[in-house]
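Asks: Show me how the following folds:
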Amino acid sequence: MMMFKYNFDVKGYELDSFGHVNNSVYLNYLEQARWEIMRELGLYEYFKKTGNFLIVVELNIKYIKELCLFDKAVVDTSFKREGFFLVFKQNIRDESGEKISKAVVKCLFVDKSRNPLDVPDVLTEFFSDDKA
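Replies: So this is what the prediction gives:
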């Protein structure tokens with residue numbers, strides 16, 4: 001299974017009144033990690049050329065441990081195809097490797113008219129048969 005990594009540092013504006021990362025910010029980390037994968041695999045150019053794009057249709061996240069200001073962390077991401085869907089398994093870990101959160105994100109490719117599309121062939125070599 002191919003694993004993609006996105007490293008980041010916690011910024012001050014991501015904190016809530018309790019001094020740790022606000023729950024909603026974790027979704028931004030996960031999304032940015034997926035965008036980095038799309039860029040790495042050339043899908044951003046595919047989006048621009050075709051007008052097709054990827055939308056999130058379902059997201060499940062479990063918060064395990066907090067992140068605080070200046071913490072360094074990484075999002076580990078793998079993905080697989082489930083019919084028309086692209087399912088991402090994403091874990092956020094701190095610099096010691098301890099799991100901070102885990103998420104499963106189900107996405108769908110759609111055209112300009114919001115009609116569902118099959119997963120593009122360019123992703124075929126990266127598919128995992130493992131459960132997300």
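
Asks: now the helices for this structure?
Replies: If you assign secondary structure with DSSP state H, the helices in the chain sit at 23-40, 43-50.

Asks: and of the ones you listed, who's closest to Arg93?
Replies: In this view, the helices of the chain are compared for proximity to Arg93 by Cβ to Cβ, and helix 23-40 is the closest at 11.3 Å. To be clear about C-beta, it is placed using only N, CA and C from the backbone, and glycine gets the same treatment.

Asks: in that closest one, what's buried?
Replies: The neighbour-count check on helix 23-40 (16 or more other Cβ atoms under 10 Å) flags Val25, Tyr26, Leu27, Tyr29, Leu30, Ala33, Arg34, Glu36, Ile37, Met38 as buried.

Asks: Same list (the helices of the chain) but as TSV, adding mean pLDDT and distance to Asp111.
Replies: TSV is the format used below for the helices of the chain (pLDDT from 0 to 100; distance: least, Cβ to Cβ, whole Å):
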stretch	mean pLDDT	distance to Asp111
helix 23-40	96	17
helix 43-50	88	8
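
Asks: what residues are up against Ile55?
Replies: Ile55 is in contact with Cys107, Leu108, Val110, counting by Cβ atoms under 8 Å, 6 or more residues apart in numbering.

Asks: Tell me the bridge partners for the last one.
Replies: When assigned by DSSP bridges, Val110 has beta-bridge partners Phe53, Pro116.

Asks: Tell me where the model's unsure across this structure.
Replies: Across the chain, the stretches falling below the confidence threshold (pLDDT under 70) are 1, 127-132.

Asks: quick one, strands of it?
Replies: Counting by DSSP state E, one finds strands in the chain at the ranges 4-9, 53-63, 72-82, 85-94, 99-110, 116-117.

Asks: The fourth one - which strands sit beside it in the sheet, and in what orientation?
Replies: Read it as strand 85-94. Strand 85-94 pairs in its sheet with strand 72-82 (antiparallel), strand 99-110 (antiparallel), by DSSP bridges.

Asks: Before I go, just wanted to say thanks for your time.
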